[in-house]
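>>> Below is the sequence, then the predicted model.
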Amino acid sequence: MLKTFSLLGLTCLMSVGVFAQNPALIPVPSKANYPKGAYALNKSLILAGPKNDALTTSYANLTDKLTRIAGRKVQWLYDQSSVASLAAIRFRLNTTPDPALGNEGYQLISDVKGVQISANKPAGLFYGIQTLLQLLPKEIESTQAVSGVVWKVPYANITDTPRFAWRGMMLDVARHFFTKEEVKRFIDEMVAYKYNVLHFHLTDDEGWRLEIKSLPNLTNKGAWNVKKEGHFTSFSKPLPDEPRTYGGFYTQEDIKELIKYGQERFVNIMPEIDVPGHSMAAIASYPELSCTPEAVNYQVISGEPFIDWSHGHPEALQDNTLCPANEKVYTFLDKVMGEVSSLFPFEYIHMGGDECPKNYWDKNPQILAMRKELGLKNSQEVQAHFVRKLEKIITSKGKRMMGWDEILEGGGLPKNTAVMSWRGMDGGIQAAKDGHEVVMTPNNHVYIDLMQGDKAIEPPVYKILRLRDSYAFNPVPAGVDAKLVKGGQANLWSEQLFNYRHLQYMTYPRSFAVAEALWSEPANRNWDNFVGRVEAHMARFDVAQKKYAPSMYEPIIDVKRNVNGEIVVQLSTEISGLTIHYSFDHSFPDQFYPEAKGSVTVPKDATVMKIITYRGNKAMGRTIDLTVADMIKRVKK
Ligand code: ACM
């Protein structure tokens, strides 16, 4: 029998250097050991596996990597003949399912005879291929042929199954539109880390991105705004004659293509139609959906401020809500959900439900009349009434409804509705107590639109979420019924994402951390070990020319005033093994400059502190300019 051990044991061994060469797999597998040695891939290879439509793309993509990038000659055998049993890479679907592997698990054995991947289902073989690709040298990530590499697979015995069935990433294509080809690329990048749900945030105040054939204005008008650059949400108000040509949408044919693309990679796509708030694009297209008469003059938002957040809850300066007291709204939603449900095969439709301003509702005569008639005590109960009506529509189309945790407010949420918890995990805990299925997406762990390091260097977003915070994500907090937690996901909002390169920068490495939280067992996870593997994957990304953030190398900055009134800067690091160096004289610090240990007192006449981290003689982070003016602002807060 194969001897296996957990990663914690493995970490102990690693610390004495025995297994320093263990392959850097993300997410870390359930059980793995790595005997000494590696299997070299000959110039000509036979690959063998069951012929199965669900695997056609997986086989083709592997073949493409092995031929185009690694220069191997590949011949496939789709049978179990004696020649097939001698193939260099063999795939097997278990004839008697192995209960330990479930629907997505796999076993990968690499030894002197080659590589064998077995699973109960095609999805398991697909995940086995993702692991095989990570076992190959990093050059396999190249986009073009590479020479001079010894193509070998380290010997391995891996048995691997996911912790959660729902391993999602949410992509907001409403605030900034990403093309169909970019979405495909996003899917390819997700599945390499064993994600399997793409939550597609298709509508918002800044754009409606899905063709609805019975409601053409949604994309004729609602998909377009004014192109602006700078800091989204702080833009100037567009002028009436500025061209509204920025944006885009997916035709229903595009969506079918994306769904197929996802299915071929074992990814389900969940559409989100975000209502009753976040609906300015719909209202600009069909003003009669609003109860506010001025809505006839409303336009799709281009990133100008229109919600007041100063009270801790959203107050709309322009009413961006569908009117819950207007029957036309339910006719509209019936048409939208009808087309959405015909298009998307996934079991769930997400209806948003988050951040719905109530200030217009509190005063609107139509809504006040409805409250009186139905005995609804407040605007929360009005929203709950809307949610229940929408649930009936979605259910009538043969789908199940999911919404953000605000849909718990006002009570009476139908049991069949699933809840996505984003304002921490309390909403998810409460929802599970009430018997709802839950997907955990707490903003303090998985909101990968937030800054990944200090604002002195990162593109500005209102809050910080470091790699370590993402790694600390546990979707099953104490007190929750684990059976009701379907899993979790990383959420990528796109207010500040103007292009795909920056999308990658925000997604990696934090989505490595979330992937591991969703796939791997807690006992196998270890921060220091993970950081080592992240670095190996950064090297793979360098080969692939994919962007990622180096923020984990940069210091955590804390600014205070001491008892003498001087400003002191406390610098620490998220990962171990770095030294921090600084200057106050405007010159670029390096490893020969003073090292920040404990707190550094800022000289009276300094205007800027330049900071950089090193590992030995190698600069690791970027140089940070922390101005004294910024320090003064921080200590005032
Ligand atoms: C959300 O972040 N408003 C769900």
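Here it is on my side, so go on. Residues are numbered from 1 along each chain as shown.
>>> ok, now how distant is the residue of the stretch 251-400 of the chain found nearest the ligand from Q383?
Of all residues in the stretch 251-400 of the chain, D354 sits closest to the ligand, at 3.9 Å by C-beta to the nearest ligand atom. All C-beta spots, glycine's among them, are computed from the backbone N, C-alpha and C. D354 sits 11 Å away from Q383, going by C-beta to C-beta, to the nearest Å.
>>> shared neighbours of these two, which are they?
Among the neighbours of D354, those also in contact with Q383 (C-beta atoms under 8 Å, 6 or more residues apart in numbering) are E406.
>>> more neighbours, those two?
Per other C-beta atoms under 10 Å, whichever of D354 and Q383 has more neighbours is Q383, with 23 against 18.
>>> To which secondary structure element is that one assigned?
Remark: Q383 resides in helix 379-396, with elements defined by DSSP states H and E.
>>> other SSEs contacting that helix?
helix 327-343, strand 348-352, helix 365-374, strand 400-404 (3 or more C-beta pairs under 8 Å, 6 or more residues apart in numbering; DSSP states H and E).
>>> export the last one as PDB, just CAs?
Put plainly, it is strand 400-404. The C-alpha atoms that make up strand 400-404 are tabulated as PDB, following Å, rounded to 0.1, in the frame of the first residue of the first chain:
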ATOM      1  CA  ARG A 400     -33.500  28.200  -8.000                       C
ATOM      2  CA  MET A 401     -32.900  31.700  -6.700                       C
ATOM      3  CA  MET A 402     -29.700  33.000  -5.000                       C
ATOM      4  CA  GLY A 403     -29.100  36.500  -3.700                       C
ATOM      5  CA  TRP A 404     -26.700  38.500  -1.600                       C
END
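>>> Provide a list of residues in contact with the residue of the stretch 51-200 of the chain found nearest the ligand.
At 8.7 Å from the ligand, M170 is the closest residue in the stretch 51-200 of the chain, using C-beta to the nearest ligand atom. Listed by C-beta under 8 Å, 6+ apart, the contact set of M170 reads L198, H199, F200, H201, E272, T441, Q489, A490, N491, L492.
>>> May I ask you to confirm that L497 belongs to a helix?
No: applying DSSP: H, G, I helix; E, B strand; the rest coil, one finds L497 to be coil, outside a helix.
>>> which residues touch the closest residue to the ligand within the stretch 1-150 of the chain?
Nearest residue of the stretch 1-150 of the chain to the ligand, counting by C-beta to the nearest ligand atom: P27, 24.6 Å away. If a contact means C-beta under 8 Å, 6+ apart, then P27 has Y193, K194, F512, A515, E516, L518, W519, S520 as its contacts.
>>> The third one and the ligand, how far apart?
Look at F512 and the ligand: by C-beta to the nearest ligand atom, to the nearest Å, they are 22 Å apart.
>>> helix, strand or coil for that residue?
Applying three-state DSSP: F512 is helix.
>>> out of everything not next to it in sequence, what's closest to it?
Nearest non-adjacent residue to F512, counting by C-beta to C-beta, 6 or more residues apart in numbering: I26, 5.0 Å away.
>>> ok, the one you found - how many residues close by?
I26 has 25 nearby residues by other C-beta under 10 Å.
>>> who in the chain is up against the ligand?
D354, E355, W404, W422 (C-beta under 6 Å from any ligand atom).
>>> Among those residues, which one lies nearest to T161?
Here the nearest of the residues of the chain next to the ligand to T161, counting by C-beta to C-beta, is W422; it sits at 27.3 Å.
>>> Tell me who's in contact with that closest one.
So W422 contacts D354, W404, D405, T441, P442, N443, Y447, N491 (C-beta under 8 Å, 6+ apart).
>>> between those, which has the most around it?
Counting by other C-beta under 10 Å, top hit in the contacts of W422: T441 with 28 neighbours.
>>> Surely that one and M420 touch.
Yes: at 5.6 Å, T441 and M420 qualify as touching, with contact defined as C-beta atoms under 8 Å.
>>> Give me the below-cutoff pLDDT ranges for the protein.
Within the chain, the stretches with pLDDT under 70 are 1-21.
>>> one step back: looking at the residues of the chain next to the ligand, which are in strands?
The strands, defined by DSSP state E, take in W404 from those.
>>> Show me which pair in the residues of the chain next to the ligand is furthest apart.
Taking C-beta to C-beta, no two of the residues of the chain next to the ligand sit farther apart than E355 and W422, at 9.9 Å.
>>> Show me where the stretch 1-150 of the chain has its helices.
Applying DSSP state H, counting those that start in this stretch to the stretch 1-150 of the chain gives helices spanning 7-15, 56-64, 122-135.
>>> and those helices, which is most packed in?
helix 122-135 (a mean of 23; mean count of other C-beta atoms under 10 Å).
>>> Excluding covalently adjacent residues, which one is nearest to whichever residue of the stretch 501-637 of the chain sits closest to the ligand?
The stretch 501-637 of the chain approaches the ligand most closely through M506 (14.8 Å), counting by C-beta to the nearest ligand atom. Counting by C-beta to C-beta, 6+ apart, I448 is the residue found nearest to M506 once chain neighbours are left out, at 5.6 Å.
>>> Ok, T573 next?
T573's closest residue in space is P555 (C-beta to C-beta, 6+ apart), at 5.7 Å.
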